[in-house]
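K.L.:
Quick check, what structure comes out for this input:
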Amino acid sequence: MASRDNTKKILIIRPTSIGDVVMASPMLSALKKALPHSHVAWLLDPASTDLLRHHPMLDEIIIWDKKQWVRLWKSRRLLTLLKSISMFMRQLRSRQFDLALEAQGLLRSRLLVWMSGAREKIGFESKEPGEFLLTRVISRGPHNKQMSSEYYCMMREIGINPKAPFRPHLVVPQDCTETYKEKLLKKGVQGPYALLCPFTTRPQKHWFNDRWAQLAMKFKEQFSLPSVLMGGPGDLDSGDKIAESSKGAAVNLAGQTKLGEAMAIVKGASIMVGVDTGLTHMGAAFDVPTVALFGATCPYLHTWTPSFVVLYHKLDCSPCKRSPTCNGTFQCMDKIQVEEVIEAANKVLSL
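P.N.:
Residues are numbered from 1 along each chain as shown. From the prediction side, this is the model:
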């Protein structure tokens, strides 16, 4: 698998989803520790580059602008699309990768692996078509509910035995280390704060707005911590409603930060509480005391640090993932009470 200059050239394909990139990030340290002279590249969507652009174990980020290809397809500019795809494939193949790791299990990521021209193409098994595009299909490993377990399994499958803890690791972009403070100051937050991450892509993963407001008031009352609400642009209105209901205990920054600034806000938090979303996973990457609230999904129950606690009440119907059967009552999330979260917060803060 060695290339001409006797350095292994490795490409990781996990282009989208902030949370999944965070969860896959331990592979970088594992690869570099086992293969210190390797050249490791990561193929990323432009919106996700802040996550890894200052990572000390990553040599190169390759930008894949999927949205541009989608725009060209929808506008029927097919010739331009074919030219763009062809140019991108030539750029990938010019790097002469020895190994490409398809860490997603989707047809499109398998196509990207094939386009890379890597000598060895290893990817996860899944129900998606395109396994023939890989030279080797591997299992995601046992369902042990350990954080980042599937990526740990991938490392083992390629002959690397990572040492514990196999936990996410991120580095805040330097240009965001000061701007995030300005965003907090504008909201009146000058000292320590609690970070609340109530929002994600699917409503069945959400906790309830009134409980977030109650939690913010509890943090203010018991820990003298103001709460900062984080989320995407589409969460601005919901964040405003929670902040208003909290009677001044919370401020809303949803949709008002760049990704790098959001990373800095996570890193600077005294404690974080969040649902199954990328910002919550970052708590492990920055060693922030974290309480994660899971219901419809259960990607992990065990983390590599005691300061990261998962609250999860398993029901007969859980985890339902993308197919809830509760008619919008979300009983799994309803089981999580404010007092339980405060108790868990006390536990992780004491550690």
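
K.L.:
so how far is residue 171 from residue 286?
P.N.:
According to C-beta to C-beta, to the nearest Å, residue 286 and residue 171 sit 10 Å apart. Any C-beta I mention is one placed from the backbone N, CA and C, and that applies to glycine too.

K.L.:
Secondary structure class of residue 251, three-state.
P.N.:
Put simply, residue 251 is strand when judged by DSSP: H, G, I helix; E, B strand; the rest coil.

K.L.:
That one: neighbouring residues, count only.
P.N.:
20 (other C-beta atoms under 10 Å).

K.L.:
in the sheet, who's paired with it?
P.N.:
Beta-bridge pairing for residue 251 (DSSP bridges): residue 228.

K.L.:
isn't it right up against residue 229?
P.N.:
Yes - using C-beta atoms under 8 Å, residue 251 makes contact with residue 229 at a distance of 6.9 Å.

K.L.:
tell me, what's touching these two both at once?
P.N.:
Common contacts of residue 251 and residue 229 (C-beta atoms under 8 Å, 6 or more residues apart in numbering): residue 243.

K.L.:
could you say which helix or strand contains the residue nearest to residue 163 when sequence neighbours are not counted?
P.N.:
Distances taken as C-beta to C-beta, 6 or more residues apart in numbering place residue 33 nearest to residue 163, at 7.7 Å, with adjacent residues excluded. Assigned by DSSP states H and E, residue 33 belongs to helix 26-34.

K.L.:
Buried residues of that helix, list them for me.
P.N.:
26-32, 34 (16 or more other C-beta atoms under 10 Å).

K.L.:
Could you tell me how far it lies from the centre of the chain?
P.N.:
Mean-position distance between helix 26-34 and its chain equals 18 Å (C-alpha atoms, centre = their mean, to the nearest Å).

K.L.:
cool, and stretch 237-245?
P.N.:
So, by C-alpha atoms, centre = their mean, the centroid of stretch 237-245 is 24 Å from its chain's centroid.

K.L.:
And it, what's buried?
P.N.:
238-239, 242-243, 245.

K.L.:
didn't residue 16 look like it was pressed against residue 66?
P.N.:
Yes - when contacts are counted by C-beta under 8 Å, residue 16 is listed as touching residue 66 (7.2 Å).

K.L.:
residues shared between the contacts of these two?
P.N.:
Contacts common to residue 16 and residue 66, judged by C-beta under 8 Å, 6+ apart, are residue 45.

K.L.:
Does the nearest residue to residue 152 once chain neighbours are set aside fall in a helix, a strand, or a coil region?
P.N.:
Leaving aside its sequence neighbours, residue 152 sits nearest to residue 166 (C-beta to C-beta, 6+ apart; 4.8 Å). Put simply, residue 166 is coil when judged by three-state DSSP.

K.L.:
Enumerate every residue touching residue 166.
P.N.:
Here residue 166 is in contact with 26, 30, 148, 151-152, 155, 304 (C-beta under 8 Å, 6+ apart).

K.L.:
how near is the closest residue to residue 252 other than its chain neighbours to residue 232?
P.N.:
Once flanking residues are discounted, residue 252 sits nearest to residue 239: 3.7 Å by C-beta to C-beta, 6+ apart. Separation of residue 239 from residue 232 (C-beta to C-beta) stands at 10 Å.

K.L.:
again, but for residue 65
P.N.:
Taking C-beta to C-beta, one finds residue 65 at 20 Å from residue 232.

K.L.:
Tell me the secondary structure at residue 123.
P.N.:
Taking three-state DSSP as the rule, one finds residue 123 in the strand state.

K.L.:
For residue 168, give its distance to residue 150.
P.N.:
Distance from residue 168 to residue 150, by C-beta to C-beta: 13 Å.

K.L.:
Would you mind giving both backbone torsions of residue 337?
P.N.:
The phi/psi pair for residue 337 (degrees, to the nearest 10) reads phi -100, psi 160.

K.L.:
Skip the chain neighbours and tell me the closest residue to it.
P.N.:
Excluding the flanking residues, the one nearest residue 337 by C-beta to C-beta, 6+ apart is residue 211, at 7.9 Å.

K.L.:
Helix or strand next in line after the helix or strand containing residue 196, which one?
P.N.:
Using DSSP H and E, residue 196 maps to strand 194-197. Note on strand 194-197: by DSSP H and E, the next helix or strand toward the C-terminus is helix 209-223.

K.L.:
Could I get the average pLDDT for that following helix?
P.N.:
If you average the pLDDT over helix 209-223, you get 96.

K.L.:
what does stretch 181-192 give?
P.N.:
For stretch 181-192, the mean pLDDT works out to 95.

K.L.:
Distance to residue 344 and pLDDT added to the buried residues of helix 26-34, as a markdown table?
P.N.:
Listed next are the buried residues of helix 26-34 as a markdown table, based on distance: C-beta to C-beta, whole Å; pLDDT from 0 to 100:
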| residue | distance to residue 344 | pLDDT |
| --- | --- | --- |
| 26 | 24 | 97 |
| 27 | 29 | 97 |
| 28 | 30 | 97 |
| 29 | 28 | 95 |
| 30 | 30 | 96 |
| 31 | 34 | 96 |
| 32 | 34 | 94 |
| 34 | 36 | 93 |
